[in-house]
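J.: Just a sequence and a predicted model for now, questions to come.
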Amino acid sequence: MDRPARVLYIDDDEGLRHLTERNLKRRGFEVATVASGPEGIELLGRERFDLVAIDHYMPEVDGLATLERLMREVPAPPPVVYVTGSDESRVAVAALKAGASDYVVKSIGPEFFDLLATTFAQTLDREGLKRAARQAEEALRDTNQRLQFLLKEVNHRVANSLQMVSAFVIMQGSALTDESAKAALRQTQQRILAIAQVHRKLYTSEDFELVDMADYLAALLSDLEETWSTPASPRRLVLHADALKLKTDKAVAVGVIVNELVSNACKYAYGSSGGEIRIFLRKEGEGDFRLCVEDDGPGFALDAVPRGTGLGRKLVGAMAATLRSDVNYARAPSGFRIDLRAAV
C-alpha cells in the first residue's frame with residue numbers, strides 16, 4: 001500500500017478515541033473516529049476505509065450488533081479488529097464467528113496502542129494476501145475461460161476443415177469412372193468423417209479433454225448405417241455402450257477401429273442380403289475397457305488373402321497399437337467377433 005492506511009475507530013469513550021487517534025497517527029495511520037455503531041455504519045456508506053476497529057461496550061448498540069450490521073449492510077466490508085476486555089474471551093470468539101478478522105484486548109497504557117498498531121498492520125497484510133490470492137484466482141479463471149474458448153474454436157475449425165476435405169474426396173470420387181478407385185475414396189471419406197466426429201463432439205461439449213464415447217459412437221454408427229444400407233440390403237447397427245469417456249487420442253483410435261470393422265462387416269458379412277452388426281463398448285475391471293464388433297456372417301481365416309486392399313486391417317492394427325492393445329479375431333456363437341481390451 002503506497003499511502004497511509006485509513007482506519008475507522010468506533011468507541012463511545014471520547015477520551016480514548018482522541019488518545020487512540022493521536023497514537024495511531026504517530027504510527028503512520030490515517031484515522032477517523034465515531035462515537036457509535038450507527039454513526040460508523042453511516043460513515044462507511046459514504047467513505048472508504050481499509051480497516052475498522054469496534055469497541056465492545058457501547059450504549060444502545062454494542063460492538064457485536066454493530067459488527068453484524070456492518071457485515072450485513074456494507075458492500076465488500078473492510079476487515080474488522082474487535083476491541084474487548086481482558087476477561088471476555090467468549091466475546092472475542094463471538095466476534096470472530098461474526099466476521100471479525102482479529103481482536104485486541106483493551107488495556108490502559110502505551111502497550112495497548114503498540115498492540116493495536118501491530119494488529120492493524122498484521123490484519124492489513126493478511127487482507128492484502130487474500131486480495132492478491134483472489135485476484136490471481138480470478139486471473140486464472142479468466143485465462144482458463146479464454147483457453148476453453150480457444151480449444152472449442154480449434155475443434156470447430158478442425159471439424160470444419162475435415163468436413164471440407166471429405167467433400168473434396170466425394171467430388172474427386174464422382175469424377176472417376178473406375179469403381180475400385182471410387183470405392184477407395186468412399187472409404188477414405190468415411191475415415192475422415194470418423195475423426196471429424198471426435199472434434200465435432202468436443203466443440204459442442206463443455207469438456208474439451210474427454211469424449212463421451214456412447215454419444216460419439218452413436219453418431220458415427222448412424223453415419224455408417226446410412227452409408228452402407230440400401231433398401232435391398234439394409235444394415236442394422238446396434239450399439240451397446242457403457243458410460244465411458246476417453247481422451248481425444250484414444251477416442252480417435254477407437255473411432256477409426258469401429259469405422260474399419262463395421263465397414264468391413266457391412267461389405268462382407270451378409271453379401272447382398274440384410275443383416276445386423278453389434279458393437280459393444282464395456283468397462284472392464286479397474287481402468288480398462290473392451291471394444292467388440294460382431295456379426296452373424298461367416299467370418300474369415302486370418303491367413304486368408306484380404307478380399308480388399310488389406311488397408312483396413314492394417315489401420316485397425318495400427319490404432320490398436322496406439323492403445324497398447326492387440327486385436328482378437330474369433331468365432332461368435334452365431335457369427336464372427338473381433339474385440340480388444342485397452343486401458344482407459
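T.: Okay, I see it.
J.: At the geometric centre of this structure, which residue sits there?
T.: D207 (6.4 Å; Cα atoms, centre = their mean).
J.: Model confidence at that one, what's the number?
T.: We have a pLDDT of 70 for D207.
J.: likewise K152?
T.: K152 is assigned 68 on the pLDDT scale.
J.: now swap in A139 and tell me
T.: 85.
J.: before we move on, the earlier item: now for the closest residue to the residue nearest to the centre of the chain other than its chain neighbours: which residues touch it?
T.: The shortest distance from D207 to any non-neighbouring residue, by Cβ to Cβ, 6 or more residues apart in numbering, is to K245 (7.3 Å). Every C-beta, even on glycine, is put in place using the N, C-alpha and C of the backbone. For K245, the contact set (Cβ atoms under 8 Å, 6 or more residues apart in numbering) comprises 207, 210-213.
J.: Now which of those residues would you call buried?
T.: By neighbour count, with 16 or more other Cβ atoms under 10 Å, those hold 210-213 as buried.
J.: Among the residues you listed, name the ones in helices.
T.: Under the assignment DSSP state H, those contribute M213 to helices.
J.: Reformat the buried ones among the contacts of K245 as TSV; add pLDDT and distance to A100.
T.: Formatted as TSV, the buried ones among the contacts of K245 follow (pLDDT from 0 to 100; distance: Cβ to Cβ, whole Å):
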residue	pLDDT	distance to A100
L210	85	45
V211	87	50
D212	90	48
M213	91	52
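J.: I'd like the distance from the lowest-mean-pLDDT helix or strand in the chain to the chain centre, please.
T.: For the chain, counting by mean pLDDT, DSSP states H and E, helix 179-203 ranks last in confidence among helices and strands (a mean of 75). In terms of Cα atoms, centre = their mean, to the nearest Å, the centre of helix 179-203 is set 30 Å apart from its chain centre.
J.: what's the burial count for the closest residue to I10 other than its chain neighbours?
T.: Nearest non-adjacent residue to I10, counting by Cβ to Cβ, 6+ apart: G40, 4.2 Å away. By the criterion of other Cβ atoms under 10 Å, G40 has 27 neighbours.
J.: what's near enough to touch L281?
T.: Counting by Cβ under 8 Å, 6+ apart, L281 has contacts 213-214, 217, 239-242, 244, 254, 289-292.
J.: Apply 7 Å and report the result again.
T.: Listed by Cβ atoms under 7 Å, 6 or more residues apart in numbering, the contact partners of L281 are 213, 217, 241-242, 244, 289, 291.
J.: residues of the least confident helix or strand of the chain that come out buried?
T.: Neighbour-count burial for helix 179-203 [16+ other Cβ under 10 Å]: 184-185, 187-203.
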